[in-house]
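J.: The following block contains a protein sequence and its predicted model.
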Amino acid sequence: MNPLQSTATRAEHETKITCEDLNKFSGGERTFASRHLGPEGPDVEAMLKALDLKSLAELITKSIPSNILIADTTPSTAFPMLARESEQSEQKALTELAAMMNKNEVWRSYIGLGYYGTIVPPPILRNMFENPGWYTSYTPYQAEISQGRLEMLINFQTMICDLTGMDIANASLLDEATAAAEAMTIMQRTAHDKTAFRLYVSEDLFPQTRAVLATRAAPLGIDLWVGSYERFSEEILSSAERANEFFGALLSQQSITGGLNDLAPWLAELRSANLRVSVAADVLAMLLVEPPGKWGADIVYGSAQRLGVPVGFGGPHAAFLATKDAYKRHLPGRVIGLSKDAEGNPAYRMALQTREQHIRREKATSNICTAQALLANMAAAYSIYHGTAGLKNIATRVHSDTTRLFTHLRELAATYPTKGLVLNESFFDTLTLLVTKPVCSAIKQAAAERKINLRYGKIADLGDFARGLNTKTATSNKHSYEEFIAFSLDETVTEESLIELEAIFALGFTGQTQQKQPAMDKQEGAPRLQPPTRIPKALHRTSAALNHEIFNIIHSETQMLRYLGQLEQKDISLRTSMIPLGSCTMKLNAVTEMLPLSWETVNAIHPMAPAAQAQGYQAMLVELMEMLKELTGFAGISLQPNSGAQGEYAGLMAIRSYHHANGEKGRTTALIPISAHGTNPASAVMAGFQPVFVACVDNGDIDREDFSAKCEQYKETLGALMITYPSTHGVFEADILWMIEKIHECGGQVYMDGANMNAQIGFTSPGKIKADVCHLNLHKTFAIPHGGGGPGMGPIGVAKHLIPYLPEDPFCEVFAAEKKSSGTIKTGAVSAAPYGSASILVISYLYIKMLGLRGLKQTTMIAILNANYLRKRLEHAYKILYTARNGFVAHEMIIDVREFKETAGIAAEDIAKRLMDYGFHAPTMSWPVAGTLMIEPTESEDKGELDRFVEALLSLRREIKAIETGKWPRDNNPIKNAPHTAMMIAKDDWSAPYTREEAVYPLPWLRNHKYWPPVARIDNVYGDRNLFCVCPPLSAYEDAEPSEHNNT
């Protein structure tokens, strides 16, 4: 009998997938599933035989509890849309997506508001953005095999520190709006008065930033005061009693109309009132304008998008946050620092990790896990490629172009004062006009005819300015201007663009078309580099920026090509070998899925472009949401959260809003298994819940007795259960339905962490087990690459009763006060753009379309097969910590290596470092159980790679045995001294008790493909005790001295 055919006794669980399905050719080409899946038919047969199974269907019945399986006899009922369509070939899927995205209209957008046109240098586009060596790597927890991207991230931090004038920066955040929210919580935690609960929010902040702040502030009990600084100073700071209610202020470098704010007197006044101050700043403007750090800001944040990262209909982009040194331990997210390795050489690592959720859990500074590492690397590479002078030229040209249009508009306004008024006197790249309705209509029509987007609005939208309270810029409106037009220029603007804009405005004011030809006798760009005349002299940047060698020595394409190549070769990515990280799902990120990201119809749409210009996106997003609804069994989907942790937060906020709407604001207890990922308790705290931890029993399952007791104890306040399924121990817990029913009986809601959805797709679902909300890690289950620490996407699915509480559009400026007055409880926005990092959603869309329902079920089965095959092959050498009651695991497993600490002095970390010598990234280390290794192979790894990984672990076990028997000393052996670099092996002096060959070629196949770790084992303690988070001078690499700790 064919082993891939079902032999299940229950017909409803038949899985009719044959050996030929995994080897299928169509028109001479393999299906996408056969490209995506690692094991082919004969290998699957061999793996099933090793497990003493006759079919994949039998594997499913042994792995997934029968009471939660979706009946396979009626796929049209469970998956009506997916069952109706067959899987698509790669070519067909690309062709159809291209036709769909061609419905988008790519206009030139000068809307601004944090999203700007930019030019991605082709060497960066090809060698980083489109390069799997960069986009398939994981967050650099294993620093020795992550030196390339760590170096580029510290370049990013150095760039941000230089531009902002601050002491320390993190390695990116999700977007500018969430960066502002993180700044808010830092200020609250470090406030002089811990009882202060109010925050001043400048109306100059982008509307989407204010919307996200309102959402984040509500569960934390923070009251936002929004308005102009002048009114805040007059109404609040003039009274010490009122000022004492505030812990901080969020300002902006640029005003709501584009003017440049003189921050010095504001910061002085705020500091005298003992308020912490954060400032939103533009990365390009800070090349010409004195940075907020110069004036004493505590925190500076913003977006690095305009440094060579496309707008992508909202993302992904790297946000930044920099602070004074005093707040370094309050920074959210990753911070890259310099340390040294065992040889005394400089080496990079993630510093100050004790701040983060995976260690501090509910006490963490933030719930952030995935950030935007790939995009931060792109921004840093862009800055290196252009160099200090080149970046200043770009900034100067943008300002010069804006100045030219300012002169043109001021002349028009002076000639026709009844038609319009230029508001700005100072600016960097943004201008705002007050105009009459007829002029606005004429300009809007003229711009539309030329496919140009400007920003239009009612004067009332300008906040306090419109109310005549902004004394700095207020002017009489004797001509009854009713509307405003604003625009922001960027580096994509050409001479022809300027002429066209001048013509549009002239037509609006005069009713006549202006004819003007570009000056073709001058080199493009040269006549547009004029001194920054509209930046007040007091605001001119005089402090140095980007003086480090890295920004001043690599400018030719040849240099850039080699530099990026050198960094790439230092790292292990999926280009190198399998990355068996448990709970991370490091599966194939197929090139076909990635290709559309480089299409203009995907990456060049502004997120605030009119809906008519984004019809392709709307069609794709609607279809993707429908497919995700079917796969999750939910009634509603939000694509807004742009990371898994944000999905957790959004899901919990939906639960919170639901309870509030039902008059049960006291339901603030969240039950969380002690084994949960650190983001769970951190997200619970952010959403206003109090975590209460539930014990687990010896086999890893939730302790029924403790669970029941906690449900009863907190019955009146129980708001939510947070549970990962399959569990973080890699097992489908049989009691899941009982637990969910118990929570519902107690009045709570069930949040399911979707980190392990790769083991559910097509066979069960959150909806099937009656969960109320679940987030999906699209960068795990649905093939978006991890990018070395981002981007990610964490959409949430919800049951029908939670649909009203899904995140809202951040551009609809719905603030807390308006929510209260409307009488409707809403959740608010959680990200800066309506669909989060929308452009990368095409990856998951294509993944689902090309696999189809049958292919998706194949991926689930092979993921579970691969994990159980590894379990079987390793169980005689290592203890498998947790299995289901029948001995099987789900898609991942934990091996217990704690005994080796006693028998050989070998810890999980030592095994992780030694695996680098075998060319493998380590499994997840010491989580969810300290001293263990969690392995997830994913469905993309073939049997040959699985066998190599097994051979490496078995060889390692023999090495441990050699230590146990006394062949090698406990403190001087190939495991303790790992990883071994080429420099170590090439030394004349070799005094180790093992040979060089045993060090670097412990298995024969390593001679054919050897990865050489670029640094020896890194000293983590030294790195935190001697914190250094910017680029070291190049001389540091020349001055490195050997470490006394070297045993080889």
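T.: That came through, no problem.

J.: where do the strands sit along the stretch 51-200 of the chain?
T.: Ranges of strands within the stretch 51-200 of the chain are 108-109, 168-169, 198-202, based on DSSP state E, counting those that start in this stretch.

J.: what residues does the longest one touch?
T.: Around strand 198-202, the neighbours that count as contacts under Cβ atoms under 8 Å, 6 or more residues apart in numbering are 184, 187-188, 210, 213, 217, 222-229, 232, 236, 245-252, 275. For glycine as for every other residue, the C-beta is placed from the backbone atoms N, C-alpha and C.

J.: now the helices for the stretch 551-700 of the chain?
T.: Using DSSP state H, counting those that start in this stretch, the helices assigned to the stretch 551-700 of the chain run over residues 557-569, 591-594, 600-603, 615-632, 644-661, 679-686.

J.: again, but for the stretch 351-500 of the chain
T.: 357-360, 373-415, 437-449, 495-510.

J.: least reliable of the ones you listed going by mean pLDDT?
T.: Ranked on mean pLDDT, the bottom entry among these is helix 357-360, at a mean of 52.

J.: what about the chain, any weak spots by pLDDT?
T.: The model of the chain has pLDDT under 70 over residues 1-29, 73-74, 354-365, 467-479, 514-528, 813-824, 1033-1048.

J.: and it, what are its domains?
T.: 388-539, 610-850 (automatic domain parsing).

J.: Can you lay out those domains as TSV showing distance to residue 84?
T.: Formatted as TSV, these follow (distance: least, Cβ to Cβ, whole Å):
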stretch	distance to residue 84
domain 388-539	37
domain 610-850	10
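
J.: Among these, show me which one is buried the most.
T.: Highest mean neighbour count among the domains of the chain (mean count of other Cβ atoms under 10 Å): domain 610-850, with a mean of 23.

J.: Between the two ends of that one, what distance do you get?
T.: 30 Å (Cα to Cα, to the nearest Å).

J.: Need phi/psi at residue 251.
T.: The phi/psi pair for residue 251 (degrees, to the nearest 10) reads phi -110, psi 170.

J.: Next, count neighbours for it.
T.: Look at residue 251: counted by other Cβ atoms under 10 Å, it has 24 neighbours.

J.: The one 5 residues further on too?
T.: Taking other Cβ under 10 Å as the criterion, the count of residues near residue 256 is 26.

J.: ok, it to residue 536 distance?
T.: 18 Å (Cβ to Cβ, to the nearest Å).

J.: now swap in residue 284 and tell me
T.: For residue 284, the distance to residue 536 (Cβ to Cβ) stands at 18 Å.

J.: Please apply the same query to residue 884.
T.: Distance from residue 884 to residue 536, counting by Cβ to Cβ: 69 Å.

J.: again with residue 1027
T.: Using Cβ to Cβ, we find residue 1027 at a distance of 37 Å from residue 536.

J.: try residue 134
T.: Using Cβ to Cβ, residue 134 is found at 41 Å from residue 536.

J.: And for residue 1021, the neighbour number?
T.: Residue 1021 has 9 nearby residues by other Cβ under 10 Å.

J.: what about it, is that helix, strand or coil?
T.: Here residue 1021 is recorded as helix under DSSP: H, G, I helix; E, B strand; the rest coil.

J.: Can you tell me how far it is from residue 414?
T.: Counting by Cβ to Cβ, the gap from residue 1021 to residue 414 is 67 Å.

J.: Please report phi then psi for residue 922.
T.: Backbone torsions for residue 922, taken as degrees, to the nearest 10, come to phi -70, psi 150.

J.: How many residues are close by it?
T.: Using other Cβ under 10 Å, residue 922 has 23 neighbouring residues.

J.: quick one, what contacts it?
T.: For residue 922, the contacting residues are 142, 580-581, 911-913, 915-916, 933, by Cβ under 8 Å, 6+ apart.

J.: Take those and keep only those in helices.
T.: Using DSSP state H, the subset of the contacts of residue 922 located in helices is 911-913, 915-916.

J.: nearest to residue 121, of those?
T.: Nearest to residue 121 among these is residue 916, at 32.4 Å by Cβ to Cβ.

J.: measure the closest one to residue 944 for me?
T.: Using Cβ to Cβ, we find residue 916 at a distance of 20 Å from residue 944.

J.: more neighbours, the two?
T.: Under the criterion of other Cβ under 10 Å, the comparison of residue 916 against residue 944 puts residue 916 first, with 22 against 12.

J.: quick one: contacts for residue 186?
T.: By Cβ under 8 Å, 6+ apart, the residues touching residue 186 are 276, 278, 299, 323, 327, 330-332, 365.

J.: now do 10 Å
T.: Residue 186 makes contact with 248, 276, 278, 298-299, 301, 321, 323, 327, 330-332, 365-366, according to Cβ atoms under 10 Å, 6 or more residues apart in numbering.

J.: Then residue 381?
T.: For residue 381, the contacting residues are 120-121, 123-124, 127-129, 134, 152, 155-156, 307-308, 554, 560, 563-564, 567, by Cβ under 10 Å, 6+ apart.

J.: and with 7 Å instead?
T.: 124, 128, 152, 564 (Cβ atoms under 7 Å, 6 or more residues apart in numbering).

J.: likewise residue 124?
T.: Residue 124 makes contact with 308, 378, 381-382, 385, according to Cβ under 7 Å, 6+ apart.

J.: In JSON lines: the residues you listed, plus distance to residue 427.
T.: Putting the contacts of residue 124 into JSON lines (distance: Cβ to Cβ, whole Å) gives the following:
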{"residue": "308", "distance to residue 427": "23"}
{"residue": "378", "distance to residue 427": "27"}
{"residue": "381", "distance to residue 427": "29"}
{"residue": "382", "distance to residue 427": "24"}
{"residue": "385", "distance to residue 427": "27"}
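
J.: Quick check: the two most widely separated of the residues you listed?
T.: 378 and 385 (10.3 Å).
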